[in-house]
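1. Only the shape, not the letters, is given here:
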């Protein structure tokens, strides 16, 4: 039987440092569990002050985690989605799409940002921090502009601020139990209807690309192009 020996003090220190490095790496690699509502609510509350900073150039801009948004305001946002995209959703999901959409727009962790002119809703943006395929992203659920403001470049301003938010979060130095989730964000991601060619082309112009698993158009042997029901796009941000 081999004899037992005690580690030297230097060896013990090396072991402790190695374990600390392993634990830190494991901590950084932990994914975001969207089923953990407490975690998602905490993340949304943690991110909101940074949202206000990123969108500071937008006049009359407000933001709040979804769990702090009133039912009345939530329905107002959903009505704007209906006004802009009803035909696309009916085509993709049927006549009862709005009930499912309201449920989706109420998911824990979502953050709403919106701007008003007096009592009129100008636009809103909806997103959350999550994992998408092999990336950590700010996932854009909605960006909706009221029709009377759609030629005022509101959408471009909101998207510019949205992209800036990634850099702000990655460079933040906040320290609490959830702050490590705010670092190492790869970029942004979103879903768009291919039939909504104006929106799809706009995202491509903003340098969005197909994710690895995104459905893509395919050309049949007769030359006809068949489009999928949606694209999943992403944009890497330094």
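-> Received it, and whenever you're ready, just let me know what you need. All of these numbers come straight from a predicted model, not from anything done at the bench.
2. which residues of this protein fall in strands?
-> Under the criterion DSSP state E, strands of the chain are mapped to 61-65, 111-117, 120-132, 135-145, 187-192, 209-210, 218-219, 225-226, 231-236.
3. Rebuild those as CSV, extending it with mean pLDDT and distance to residue 161.
-> C-beta here means a position set from N, CA and C on the backbone, and glycine is covered the same way. Output for these, formatted as CSV (pLDDT from 0 to 100; distance: least, Cβ to Cβ, whole Å):
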stretch, mean pLDDT, distance to residue 161
strand 61-65, 98, 9
strand 111-117, 97, 8
strand 120-132, 97, 8
strand 135-145, 98, 11
strand 187-192, 98, 12
strand 209-210, 98, 21
strand 218-219, 96, 35
strand 225-226, 96, 34
strand 231-236, 98, 14
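4. any chance of those strands in TSV, plus mean neighbour count and distance to residue 78?
-> Shown next, in TSV, are the strands of the chain (neighbours: other Cβ atoms under 10 Å; distance: least, Cβ to Cβ, whole Å):
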stretch	mean neighbour count	distance to residue 78
strand 61-65	20	16
strand 111-117	21	11
strand 120-132	21	10
strand 135-145	21	9
strand 187-192	21	17
strand 209-210	14	28
strand 218-219	10	33
strand 225-226	8	31
strand 231-236	20	22
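5. With distance to residue 200 added, can I get the ones you listed in TSV?
-> Output for the strands of the chain, formatted as TSV (distance: least, Cβ to Cβ, whole Å):
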stretch	distance to residue 200
strand 61-65	26
strand 111-117	22
strand 120-132	18
strand 135-145	13
strand 187-192	5
strand 209-210	11
strand 218-219	16
strand 225-226	14
strand 231-236	6
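6. Please name whichever of the ones you listed is nearest to residue 80.
-> strand 135-145 (4.7 Å; Cβ to Cβ).
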